[in-house]
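Undergrad: okay, here's the prediction I keep looking at, along with the sequence it came from:
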Amino acid sequence: MSDNTMAYQLHDVDCVRGATTVLEGVSLDVNRGEILALVGPNGAGKSTLLAVMAGDIVPSRGRVMLQGKDIATFSPRELARLRSVLLQSNQVSFSFSVRDVVLMGRSPWAATSDDETDERVVRQAMADADVEHLANRSFQALSGGERARASLARVFAQDTEVVLLDEPTASLDLRHQEDVMVAARRLADEGKAVVVVLHDLSLAAAWADQIAILAGGRLVEVGVPTETINADLVKRVYGIDVHVLSDPSGRMVIIPQRP
């Protein structure tokens with residue numbers, strides 16, 4: 001693909017934290033209009049890689065290019081208008097309502113958008129995350145899954161060309177896991193680049209255009225799900241035997257071999 005279609009280009013990225021090498025030699029392209037799923041066992045470096053892409057962690061070596069420019073050259077405000085980030089932890093210090101939390105996603109656009117635009121974007125974000133009925137509830141009074149969805153709505157409301165999601169389905173029920181991925185698909189279909197950390201290989205295979213598999217801080221494989229995921233690779237990376245099946249729609253389903 002041409003550079004015009006690329007949101008990110010990572011070149012030989014290392015990340016050393018203390019005495020531990022968390023990422024080593026990671027080179028990766030992320031394209032607009034696609035969902036890229038980062039998968040791998042615990043400690044593989046997925047969240048660190050996402051933080052490097054967000055500009056929150058400076059790599060020890062290598063370059064991260066965002067929209068064709070070194071990510072280190074962007075100001076925090078410029079970054080906030082280019083990429084939005086959902087972290088694993090969803091904490092708010094004060095007793096804001098859910099709607100107030102979602103509206104925080106509009107702050108990078110202060111003085112550049114009108115109230116009507118903000119209202120439209122916030123309303124769509126809350127619908128996509130299924131938190132409209134929680135609008136007036138205190139964020140602190142929500143369940144873990146409800147907080148995750150409200151935080152996701154805030155990310156959607158930021159309305160950026162790149163969306164980075166760290167385990168957005170981890171605390172959600174089956175229906176809301178699917179809702180999140182449907183929303184991610186819509187964003188990608190609008191031309192945005194979506195990078196999502198997932199543990200569920202079946203969910204990743206069903207929705208991602210590209211899958212990047214990490215293990216021990218290294219990129220093991222990257223490609224379309226049907227050409228990337230197989231039982232031998234899963235055994236090598238995760239240390240478990242699996243069946244790789246197809247559901248009635250032809251999507252891959254990965255389940256452990258159980259006695």
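TA: Arrived safely.
Undergrad: for residue 178, see how far away residue 13 is.
TA: 32 Å (Cβ to Cβ, to the nearest Å). C-betas here are computed from N, CA, C, even on glycine.
Undergrad: which one of those two is surrounded by more residues?
TA: More crowded of residue 13 and residue 178, by other Cβ atoms under 10 Å: residue 13, with 22 against 15.
Undergrad: sec struct for the more buried one, please.
TA: strand (DSSP: H, G, I helix; E, B strand; the rest coil).
Undergrad: residues contacting it?
TA: 23, 25-27, 49, 52, 59, 61-64 (Cβ atoms under 8 Å, 6 or more residues apart in numbering).
Undergrad: give me the nearest residue to it, chain neighbours excluded.
TA: residue 62 (3.7 Å; Cβ to Cβ, 6 or more residues apart in numbering).
Undergrad: where does the chain dip in pLDDT?
TA: Scanning the chain for pLDDT under 70 picks out the ranges 1-4, 90-94.
Undergrad: distance between stretch 251-259 and the chain's centre?
TA: Distance, stretch centre to chain centre, for stretch 251-259: 24 Å (Cα atoms, centre = their mean, to the nearest Å).
Undergrad: buried residues, it. List them.
TA: By neighbour count on 16 or more other Cβ atoms under 10 Å, the buried set for stretch 251-259 is 252, 254.
Undergrad: ends of stretch 225-233, how far apart?
TA: 12 Å (Cα to Cα, to the nearest Å).
Undergrad: need the contact partners of it.
TA: 201, 204-205, 208, 211, 213, 220-222, 241-244, 252, 254.
Undergrad: in PyMOL, select just the buried ones from these.
TA: To isolate the buried ones among those in PyMOL, judged by 16+ other Cβ under 10 Å, type:
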select buried, resi 201+204+205+208+211+213+220+221+222+242+244+252+254
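Undergrad: which of the contacts of stretch 225-233 fall within helices?
TA: Assigned to helices by DSSP state H, the following of the contacts of stretch 225-233 qualify: 201, 204-205.
Undergrad: between those, which is closest to residue 95?
TA: residue 204 (35.9 Å; Cβ to Cβ).
Undergrad: dump the residue contacts of the nearest residue to that closest one once chain neighbours are set aside.
TA: In space, and not counting its chain neighbours, residue 204 is closest to residue 37: 3.9 Å by Cβ to Cβ, 6+ apart. By Cβ under 8 Å, 6+ apart, the residues touching residue 37 are 196-198, 204, 207-208, 210-212.
Undergrad: can we see that at 7 Å?
TA: 196, 198, 204, 208, 211 (Cβ atoms under 7 Å, 6 or more residues apart in numbering).
Undergrad: I am finished for the moment; much appreciated.
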